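In: What shape does this take:
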Amino acid sequence: MKIMIHSLLVLMMIQLIMPMPTKVETPLDELIQFADQHDYPIEFGELTIKETFTTSETEQIKLALIRAGFQKTNEVNQYERKLNDDLHEIITIIDSIEQVNQAVNYQLLGNVNLMNQTDDYAETVKSLISTIYTTEKKQYACLKISSHDMMLSGYFFAEIQKNLNYQGIDRIEEPDLTVISGYTTQFNQQIPYGNEQMNVQISVRQRSNQEKQIMIGTPILMTEY
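Out: Modelled structure (predicted):
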(Lines give C-alpha, C1' and ligand atoms only; values in the text may rest on other atoms or scores of the structure.)
Protein backbone atom coordinates (compact mmCIF):
# COMPACT_ATOMS: atom_id res chain seq x y z
CA MET A 1 0.00 0.00 0.00
CA LYS A 2 2.82 2.43 0.95
CA ILE A 3 4.57 1.68 -2.34
CA MET A 4 1.35 2.35 -4.29
CA ILE A 5 0.76 5.69 -2.51
CA HIS A 6 4.38 6.70 -3.09
CA SER A 7 4.09 5.86 -6.80
CA LEU A 8 0.93 7.94 -7.13
CA LEU A 9 2.62 10.90 -5.44
CA VAL A 10 5.61 10.63 -7.79
CA LEU A 11 3.29 10.49 -10.80
CA MET A 12 1.40 13.59 -9.63
CA MET A 13 4.68 15.47 -9.15
CA ILE A 14 5.87 14.52 -12.63
CA GLN A 15 2.58 15.80 -14.13
CA LEU A 16 3.03 19.10 -12.31
CA ILE A 17 6.65 19.49 -13.42
CA MET A 18 6.27 18.39 -17.04
CA PRO A 19 4.84 21.12 -19.36
CA MET A 20 1.53 20.19 -20.91
CA PRO A 21 0.89 20.71 -24.64
CA THR A 22 -0.59 24.11 -25.45
CA LYS A 23 -4.32 23.68 -26.05
CA VAL A 24 -5.15 26.26 -28.71
CA GLU A 25 -7.60 25.42 -31.48
CA THR A 26 -7.45 27.78 -34.44
CA PRO A 27 -9.67 28.17 -37.53
CA LEU A 28 -6.76 26.73 -39.51
CA ASP A 29 -6.98 23.52 -37.46
CA GLU A 30 -10.66 23.26 -38.34
CA LEU A 31 -9.99 23.76 -42.06
CA ILE A 32 -7.15 21.23 -42.14
CA GLN A 33 -9.28 18.67 -40.31
CA PHE A 34 -12.11 19.24 -42.78
CA ALA A 35 -9.81 18.90 -45.81
CA ASP A 36 -8.19 15.73 -44.44
CA GLN A 37 -11.56 14.19 -43.60
CA HIS A 38 -12.77 14.61 -47.19
CA ASP A 39 -9.43 13.99 -48.95
CA TYR A 40 -9.07 17.52 -50.33
CA PRO A 41 -5.35 17.98 -51.16
CA ILE A 42 -3.98 21.19 -49.59
CA GLU A 43 -1.59 23.33 -51.64
CA PHE A 44 -1.25 26.32 -49.32
CA GLY A 45 -2.66 27.64 -46.08
CA GLU A 46 -2.80 30.84 -44.09
CA LEU A 47 -3.74 31.79 -40.53
CA THR A 48 -4.31 35.45 -39.65
CA ILE A 49 -4.78 36.78 -36.11
CA LYS A 50 -5.47 40.40 -35.18
CA GLU A 51 -5.71 42.14 -31.84
CA THR A 52 -5.12 45.65 -30.51
CA PHE A 53 -2.83 46.37 -27.56
CA THR A 54 -1.54 49.43 -25.74
CA THR A 55 1.88 50.72 -26.77
CA SER A 56 3.39 49.53 -23.48
CA GLU A 57 1.98 46.04 -24.10
CA THR A 58 3.42 45.95 -27.62
CA GLU A 59 6.87 46.79 -26.26
CA GLN A 60 6.66 43.63 -24.15
CA ILE A 61 5.41 41.71 -27.18
CA LYS A 62 8.43 42.84 -29.21
CA LEU A 63 10.74 41.48 -26.53
CA ALA A 64 8.81 38.20 -26.48
CA LEU A 65 9.14 37.91 -30.26
CA ILE A 66 12.91 38.28 -30.15
CA ARG A 67 13.12 35.68 -27.37
CA ALA A 68 10.97 33.34 -29.50
CA GLY A 69 13.38 33.53 -32.42
CA PHE A 70 11.72 36.18 -34.58
CA GLN A 71 13.94 38.57 -36.50
CA LYS A 72 13.19 42.11 -37.60
CA THR A 73 12.66 42.53 -41.34
CA ASN A 74 13.39 45.58 -43.48
CA GLU A 75 9.78 46.68 -43.01
CA VAL A 76 8.95 48.97 -40.10
CA ASN A 77 7.72 47.07 -37.02
CA GLN A 78 7.68 43.72 -38.82
CA TYR A 79 9.11 40.47 -37.48
CA GLU A 80 9.55 37.08 -39.16
CA ARG A 81 10.32 33.54 -38.05
CA LYS A 82 10.97 30.63 -40.40
CA LEU A 83 9.66 27.33 -39.11
CA ASN A 84 10.69 25.62 -42.35
CA ASP A 85 11.72 26.65 -45.86
CA ASP A 86 8.05 26.26 -46.83
CA LEU A 87 6.39 27.60 -43.67
CA HIS A 88 6.95 30.93 -41.94
CA GLU A 89 5.34 33.45 -39.59
CA ILE A 90 5.12 37.23 -39.91
CA ILE A 91 4.02 39.69 -37.23
CA THR A 92 3.35 43.31 -38.15
CA ILE A 93 2.70 46.00 -35.54
CA ILE A 94 0.62 48.91 -36.83
CA ASP A 95 0.08 52.26 -35.12
CA SER A 96 -3.46 53.52 -34.64
CA ILE A 97 -4.47 57.01 -35.75
CA GLU A 98 -4.50 58.17 -32.12
CA GLN A 99 -1.10 56.43 -31.55
CA VAL A 100 -2.39 55.16 -28.21
CA ASN A 101 -2.98 51.55 -29.28
CA GLN A 102 -1.27 49.32 -31.80
CA ALA A 103 -2.60 46.43 -33.86
CA VAL A 104 -0.52 43.24 -33.68
CA ASN A 105 -1.23 41.26 -36.84
CA TYR A 106 0.03 37.67 -37.09
CA GLN A 107 0.27 35.53 -40.23
CA LEU A 108 1.28 31.91 -40.66
CA LEU A 109 1.80 31.14 -44.35
CA GLY A 110 2.92 28.27 -46.50
CA ASN A 111 2.76 24.49 -46.53
CA VAL A 112 0.45 23.94 -43.57
CA ASN A 113 0.51 20.19 -44.22
CA LEU A 114 3.67 20.31 -42.11
CA MET A 115 1.52 21.13 -39.08
CA ASN A 116 0.10 17.59 -39.26
CA GLN A 117 3.42 15.89 -39.96
CA THR A 118 5.12 16.94 -36.74
CA ASP A 119 3.87 18.25 -33.42
CA ASP A 120 6.87 20.59 -33.16
CA TYR A 121 5.54 23.16 -35.63
CA ALA A 122 2.00 23.12 -34.25
CA GLU A 123 3.23 23.40 -30.65
CA THR A 124 5.61 26.26 -31.53
CA VAL A 125 2.85 28.22 -33.26
CA LYS A 126 0.25 27.65 -30.57
CA SER A 127 2.67 28.47 -27.79
CA LEU A 128 3.31 31.85 -29.40
CA ILE A 129 -0.41 32.52 -29.90
CA SER A 130 -1.23 31.72 -26.29
CA THR A 131 1.67 33.89 -25.08
CA ILE A 132 0.78 37.02 -27.06
CA TYR A 133 -2.93 37.00 -27.75
CA THR A 134 -6.00 37.06 -25.49
CA THR A 135 -9.59 35.94 -25.90
CA GLU A 136 -10.24 39.28 -27.66
CA LYS A 137 -8.29 38.20 -30.76
CA LYS A 138 -9.90 37.90 -34.20
CA GLN A 139 -8.87 34.82 -36.18
CA TYR A 140 -9.17 34.01 -39.88
CA ALA A 141 -7.89 31.08 -41.93
CA CYS A 142 -7.92 29.88 -45.51
CA LEU A 143 -6.74 26.95 -47.60
CA LYS A 144 -5.93 26.68 -51.27
CA ILE A 145 -7.18 23.29 -52.44
CA SER A 146 -5.78 21.34 -55.39
CA SER A 147 -8.17 20.59 -58.23
CA HIS A 148 -9.40 17.03 -58.48
CA ASP A 149 -11.89 15.19 -60.71
CA MET A 150 -15.00 16.25 -58.75
CA MET A 151 -13.94 19.90 -58.90
CA LEU A 152 -13.16 19.79 -62.60
CA SER A 153 -16.44 18.07 -63.40
CA GLY A 154 -18.46 21.03 -62.13
CA TYR A 155 -19.95 19.32 -59.07
CA PHE A 156 -17.58 20.85 -56.55
CA PHE A 157 -20.09 23.22 -54.94
CA ALA A 158 -22.67 20.45 -54.59
CA GLU A 159 -20.06 18.19 -53.04
CA ILE A 160 -18.69 20.72 -50.59
CA GLN A 161 -22.18 21.90 -49.62
CA LYS A 162 -22.98 18.30 -48.71
CA ASN A 163 -19.74 17.89 -46.74
CA LEU A 164 -19.98 21.23 -44.93
CA ASN A 165 -23.77 21.22 -44.67
CA TYR A 166 -23.72 25.01 -44.89
CA GLN A 167 -26.58 27.44 -45.29
CA GLY A 168 -25.89 29.74 -48.24
CA ILE A 169 -26.11 33.46 -47.47
CA ASP A 170 -24.65 35.12 -50.57
CA ARG A 171 -23.34 34.14 -54.00
CA ILE A 172 -21.26 36.14 -56.48
CA GLU A 173 -21.11 34.98 -60.09
CA GLU A 174 -18.60 36.37 -62.58
CA PRO A 175 -17.39 34.87 -65.88
CA ASP A 176 -14.25 33.41 -64.27
CA LEU A 177 -15.10 33.53 -60.56
CA THR A 178 -17.75 32.15 -58.20
CA VAL A 179 -17.81 33.05 -54.50
CA ILE A 180 -20.26 31.56 -51.99
CA SER A 181 -20.68 32.78 -48.42
CA GLY A 182 -22.57 30.84 -45.78
CA TYR A 183 -22.83 29.42 -42.30
CA THR A 184 -21.95 25.94 -41.01
CA THR A 185 -21.89 24.43 -37.55
CA GLN A 186 -18.53 22.79 -38.36
CA PHE A 187 -16.55 26.03 -37.80
CA ASN A 188 -16.52 28.07 -34.59
CA GLN A 189 -15.48 31.54 -35.73
CA GLN A 190 -18.22 33.74 -37.14
CA ILE A 191 -18.88 37.32 -38.18
CA PRO A 192 -22.13 39.24 -38.67
CA TYR A 193 -23.42 39.48 -42.22
CA GLY A 194 -26.48 41.70 -42.33
CA ASN A 195 -28.97 40.11 -39.95
CA GLU A 196 -27.25 36.70 -40.15
CA GLN A 197 -24.00 35.05 -39.07
CA MET A 198 -21.38 33.95 -41.58
CA ASN A 199 -18.41 31.65 -41.03
CA VAL A 200 -17.43 30.11 -44.36
CA GLN A 201 -16.51 31.49 -47.75
CA ILE A 202 -15.60 29.44 -50.82
CA SER A 203 -14.23 30.71 -54.10
CA VAL A 204 -13.49 28.99 -57.40
CA ARG A 205 -11.58 30.93 -60.04
CA GLN A 206 -11.07 29.69 -63.59
CA ARG A 207 -7.46 30.22 -64.65
CA SER A 208 -6.31 30.87 -68.23
CA ASN A 209 -4.76 27.39 -68.39
CA GLN A 210 -8.21 25.87 -67.68
CA GLU A 211 -7.20 24.96 -64.14
CA LYS A 212 -9.36 26.00 -61.21
CA GLN A 213 -8.12 27.77 -58.09
CA ILE A 214 -10.21 26.74 -55.09
CA MET A 215 -10.06 28.64 -51.80
CA ILE A 216 -11.92 27.88 -48.55
CA GLY A 217 -11.89 30.37 -45.70
CA THR A 218 -13.37 30.77 -42.25
CA PRO A 219 -15.04 32.95 -41.18
CA ILE A 220 -14.13 34.87 -44.36
CA LEU A 221 -11.44 34.75 -47.03
CA MET A 222 -8.76 37.26 -46.05
CA THR A 223 -6.45 36.54 -48.98
CA GLU A 224 -6.83 37.44 -52.64
CA TYR A 225 -9.01 35.05 -54.62
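
In: secondary structure class for Glu136?
Out: Secondary structure state of Glu136, per DSSP: H, G, I helix; E, B strand; the rest coil, is coil.

In: Hmm, it is touching Glu51, no?
Out: Yes: with contact defined as CB atoms under 8 Å, Glu136 counts as touching Glu51 (5.8 Å). (C-beta placed from N, C-alpha, C; glycine too.)

In: between these two, who's got more neighbours?
Out: Glu51 (19 against 9; other CB atoms under 10 Å).

In: Assess the claim that Asn188 and Asp29 are in contact.
Out: No: look at Asn188 against Asp29 with CB under 8 Å: they stay out of range, at 10.0 Å.

In: Which one's more surrounded, the two?
Out: Using other CB under 10 Å as the criterion, Asn188 and Asp29 rank with Asp29 on top: 17 against 13.

In: Quick check: phi and psi at that one.
Out: Dihedral angles of Asp29 (phi, psi; degrees, to the nearest 10) stand at phi -60, psi -40.

In: From Ile94, how far out is it?
Out: The spacing between Asp29 and Ile94, counted by CB to CB, to the nearest Å, is 26 Å.

In: same deal with Cys142?
Out: 21 Å.

In: Ok, Glu43 next?
Out: Separation of Glu43 from Ile94 (CB to CB): 29 Å.

In: Wait, Ile214 touches Gln201, no?
Out: No: contact criterion CB under 8 Å: Ile214 and Gln201 do not qualify, at 11.8 Å.

In: quick one, which of these two is more surrounded?
Out: Gln201 (24 against 21).

In: Can you verify Leu221 is assigned to a strand?
Out: No: counting by three-state DSSP, Leu221 falls outside a strand, being coil.

In: Who are the packing partners of the longest strand along the chain?
Out: Longest strand in the chain, counting residues (DSSP state E): strand 42-54. Applying 3 or more CB pairs under 8 Å, 6 or more residues apart in numbering; DSSP states H and E, we find strand 42-54 packed against helix 27-37, strand 101-110, strand 138-145.

In: Same question for the first one: list its buried residues.
Out: So that's helix 27-37. By 16 or more other CB atoms under 10 Å, the buried positions in helix 27-37 come out as 27-32, 34-35.
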